[in-house]
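>>> Mind folding the following:
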Amino acid sequence: MFHTTKALVLREVRYKEADRILTLFTAADGKITAKARGALRKSSRTGAATQQLTYSEMTLFGNRGKWTVNEASLLEPFSGLREDIERFALGSYLAECMEAFSVEDQPDAPLLQLGLNCLYALSRGLADPLLIKAAFELRLMCLAGFEPDVRGCAVCGKETPVEPIFHLEDGGICCRQCRKASMGAWAELDEASLTALRYVVEAPAKQLLSFRLEGKSLQRFAAAAERYLLLHAERSFSTLDYWKQFQKT
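Residues are numbered from 1 along each chain as shown. Below you'll find the model as predicted:
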């Protein structure tokens with residue numbers, strides 16, 4: 001059975017001498033695994049379109065639950081990621097997150113749109129990479145069923161919490177003075193980072209990155225988003241560790 005679909009290549013693994021085993025996120029079927037025979041050969045017609053972090057139109061052949069790439073043509077190469085190893089590392093982290101929070105053979109159009117929009121912005125330099133990363137992480141958690149409650153202080157109900165903090169375990173916000181020792185892990189915010197958090201939770205998908213944040217507020221927002229994802233993912237990400245190596249230089 002032949003099946004044509006658009007697919008984002010989340011991961012590629014070399015197999016034998018010239019093949020690739022791909023983890024794809026497709027528009028029609030969600031996350032699937034496919035083999036690209038001969039993709040590593042210089043003469044391959046599918047080589048460019050089956051690289052990690054490319055978005056391509058593929059014709060797949062299915063047999064007994066296994067997929068093979070028959071044809072592939074590039075739709076978006078995200079060239080900017082290949083020109084900058086730090087951005088490629090961050091893009092790989094976004095892809096690893098998509099793989100971790102998606103279900104095999106289950107379509108998820110909002111998650112695919114999120115990944116494509118953030119990779120495009122990262123590739124084209126449309127926003128600070130740290131802002132893109134944080135917005136992606138927080139919105140991903142919303143899609144995964146961990147949407148934070150950002151309406152107001154979870155204790156006193158104040159719409160604008162005083163010296164706001166973000167409770168990482170239940171996703172609530174509250175005033176610093178309202179925090180109780182039993183609340184567990186929390187992240188410090190300020191007025192600007194709280195506004196950013198609320199924006200990312202509520203913004204339309206196409207306008208997700210239509211805000212700006214910088215300085216200490218961006219650092220706080222980014223720390224909160226990353227810690228929130230890692231806590232609920234209950235795992236580490238090797239690509240995140242790799243990207244962080246560039247932040248130390």
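>>> Read off the pLDDT value for the closest residue to A18 other than its chain neighbours.
Counting by Cβ to Cβ, 6 or more residues apart in numbering, L40 is the residue found nearest to A18 once chain neighbours are left out, at 4.3 Å. Heads up, the C-betas are built off the backbone N, CA and C, glycines and all. In this model, L40 is scored at 94, pLDDT.
>>> what are the phi and psi angles of T239?
Dihedral angles of T239 (phi, psi; degrees, to the nearest 10) stand at phi -70, psi -30.
>>> so who does it touch?
Contacts for T239 (Cβ atoms under 8 Å, 6 or more residues apart in numbering) come out as 89, 92-93, 95-96.
>>> May I ask you to confirm that G125 is in contact with S79?
No: between G125 and S79 there is no contact under Cβ atoms under 8 Å: 11.5 Å.
>>> Listing partners with orientation, what would you give for the longest strand along the chain?
In the chain, with assignment by DSSP state E, the single longest strand is strand 2-15. Strands that pair with strand 2-15, judged by DSSP bridges, come out as strand 19-26 (antiparallel), strand 55-63 (antiparallel).
>>> measure F237 to F101 for me?
For F237, the distance to F101 equals 11 Å [Cβ to Cβ, to the nearest Å].
>>> Look at the residue nearest to A18 and tell me its secondary structure.
Of the three states, L40 takes coil under DSSP: H, G, I helix; E, B strand; the rest coil.
>>> neighbours of it, just the number please.
By other Cβ atoms under 10 Å, the residues close to L40 number 18.
>>> So what does it look like in phi/psi?
Phi and psi for L40, reported as degrees, to the nearest 10, are phi -90, psi 0.
>>> In helices, which of the contacts of T239 fall?
Residues of the contacts of T239 located in helices (DSSP state H): 89, 92-93, 95-96.
>>> V150: which of those is nearest?
Y93 (24.5 Å; Cβ to Cβ).
>>> What separation is there between the nearest residue to that closest one once chain neighbours are set aside and P129?
Leaving aside its chain neighbours, Y93 sits nearest to T239 (4.0 Å; criterion: Cβ to Cβ, 6+ apart). Computed with Cβ to Cβ, the distance linking T239 and P129 is 14 Å.
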